[in-house]
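J.: Starting from these lines, generate the structure:
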Amino acid sequence: MKFGIDRLLAEPQLQAELAGRRVSLVAHPASVTADLTHSLDALIAAGITVTSAFGPQHGLKGDKQDNMVETLDELDPVHGIPVFSLYGEVRRPTPAMMDTADVFLFDLQDLGCRIYTFVTTLLYLLEEAAKHGKEVWVLDRPNPAGRPVEGTTLLAGQESFVGAGPLPMRHGLTMGEMGQWFIRHFQLDVEYRVIAMHDWLPEAGPGFGWPESRIWINPSPNAASLNMARAYAGTVMLEGTTLSEGRGTTRPLEVLFGAPDLDARVVLAEMRRLAPEWLAGCAIRECWFTPTFHKHAGELCNGLMVHAEGSFYAHEQFRPWRLQALAFKAIRNLHPQYPLWRDFPYEYEFDRLAIDVINGGPALREWVDDPEASPTDLDLMAASDEQRWRTEVADLLLY
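T.: Predicted structure coming up:
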């Protein structure tokens with residue numbers, strides 16, 4: 001099994017197509033080869049003329065812990081090339097940045113979720129490449145969440161840095177496939193190529209998207225495990241709430257919630273009463289934690305931990321977006337006046353609630369807050385969007 005970077009390094013004919021051309025790399029800490037050499041070092045060692053590099057949110061080094069912490073441009077201390085930040089003064093490459101190379105290699109490990117900003121970074125790179133006559137190659141990597149599709153589609157007018165276009169929350173594509181969809185949907189005229197993986201089997205267990213032969217490296221500081229990657233399409237919604245997502249602990253974004261003023265066992269019982277089928281495909285257990293930073297720092301929180309791993313994991317049954325929505329609904333039922341929604345400028349969006357920015361519209365929040373709305377209502381709302389998306393991208397699947 002080979003990722004795109006491994007194929008590029010192993011196949012002389014691919015490298016020959018880069019001969020005499022200036023190459024730039026978009027990368028982060030998980031941009032490594034099969035032997036764990038960083039892609040930047042490996043490309044230069046292979047004789048490819050790398051003239052610049054780009055780091056997405058959290059930086060090329062992946063050292064920026066929280067959201068909305070920007071990274072500065074720098075000079076690479078080893079190779080002496082400029083490293084530009086796409087999460088600093090700009091979110092999309094400037095003309096001067098685009099002028100540093102002829103071919104842009106995109107080698108970011110994604111999580112398979114619309115809100116993970118590397119998706120938007122790919123779109124912005126493609127748009128700028130189209131404007132400036134540059135070529136983009138995606139060195140493809142697995143979608144660790146696999147092929148399942150889940151969630152409502154982002155509404156027109158709700159676009160943001162965590163919402164590049166009308167995608168469902170869990171999109172089921174690799175970044176190579178996503179680039180093809182962006183080009184078609186936004187009608188981009190750009191030279192584009194996918195260096196596809198060899199033998200990626202997204203429907204095969206036990207990994208169902210993530211091959212057992214490859215170790216997990218955090219693509220961002222809080223993406224610490226395959227369990228997190230599987231749960232993320234649900235747990236990321238906690239960023240729009242007053243509930244802790246486990247930041248400030250060793251298992252961030254692997255809990256359905258944590259709070260000092262909620263009884264997790266009671267919430268879980270209400271979830272089971274409302275829609276027991278939405279808890280399928282994983283194990284859920286009560287937990288206690290005290291965040292060292294972020295929400296509820298220094299306070300003992302009671303919460304629920306998600307285990308979409310080991311013998312507890314059933315790939316086709318696990319639906320993290322619905323599971324997280326159900327936790328919100330249970331809390332609202334039990335505590336109608338609970339201050340659930342956090343009001344702050346999430347990803348620099350000042351005019352919308354963070355939960356609406358995350359979900360690409362107000363539908364989920366309105367469903368949670370409506371005492372008459374049932375799980376069936378949300379299920380019907382999402383199911384039509386999910387089927388439409390599966391149909392729309394069926395011809396773009398490479399694996």
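J.: could you give the mean pLDDT of the helix or strand where Leu304 lies?
T.: Using DSSP states H and E, the element containing Leu304 is strand 301-307. Summarised as a single mean, pLDDT over strand 301-307 is 98.
J.: Name the strands paired with that strand and say parallel or antiparallel.
T.: Looking at strand 301-307 with DSSP bridges, its partner strands are strand 255-259 (antiparallel), strand 283-289 (antiparallel).
J.: which one of those has the most crowded surroundings?
T.: Mean neighbour count (mean count of other C-beta atoms under 10 Å) peaks for strand 255-259 among the strands paired with strand 301-307, with a mean of 26. The C-beta positions use only the backbone N, C-alpha and C, and glycine is treated the same way.
J.: can I get the CA coordinates of the following helix or strand past it in PDB?
T.: Counting by DSSP H and E, the next helix or strand C-terminal to strand 255-259 is helix 264-274. Taking C-alpha atoms only, helix 264-274 is exported to PDB below (Å, rounded to 0.1, in the frame of the first residue of the first chain):
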ATOM      1  CA  ALA A 264     -23.400  12.400  32.200                       C
ATOM      2  CA  ARG A 265     -25.300   9.300  33.200                       C
ATOM      3  CA  VAL A 266     -28.600  11.100  33.100                       C
ATOM      4  CA  VAL A 267     -27.800  12.600  29.700                       C
ATOM      5  CA  LEU A 268     -26.900   9.200  28.300                       C
ATOM      6  CA  ALA A 269     -30.100   7.700  29.600                       C
ATOM      7  CA  GLU A 270     -32.100  10.400  27.800                       C
ATOM      8  CA  MET A 271     -30.100   9.800  24.600                       C
ATOM      9  CA  ARG A 272     -31.000   6.200  24.800                       C
ATOM     10  CA  ARG A 273     -34.600   7.000  25.300                       C
ATOM     11  CA  LEU A 274     -34.800   9.400  22.300                       C
END
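J.: what angle do helix 264-274 and strand 301-307 make?
T.: Computed with axes from the mean of the first three to the mean of the last three C-alpha atoms, to 10 degrees, the direction of helix 264-274 lies at 50 degrees from that of strand 301-307.
J.: list the helices and strands helix 264-274 packs on?
T.: strand 283-289, strand 301-307, helix 320-334 (3 or more C-beta pairs under 8 Å, 6 or more residues apart in numbering; DSSP states H and E).
J.: among the ones you listed, which is nearest Asp140?
T.: Of all those, it is helix 320-334 that lies closest to Asp140, at 23.4 Å by C-beta to C-beta.
J.: Could you list the buried residues of that closest one?
T.: Of all the residues in helix 320-334, those buried under the rule 16 or more other C-beta atoms under 10 Å are 320-332.
J.: Taking helix 320-334 as reference, get the angle to the strand holding Leu304.
T.: Using the same axes, to 10 degrees: strand 301-307 against helix 320-334 is 150 degrees.
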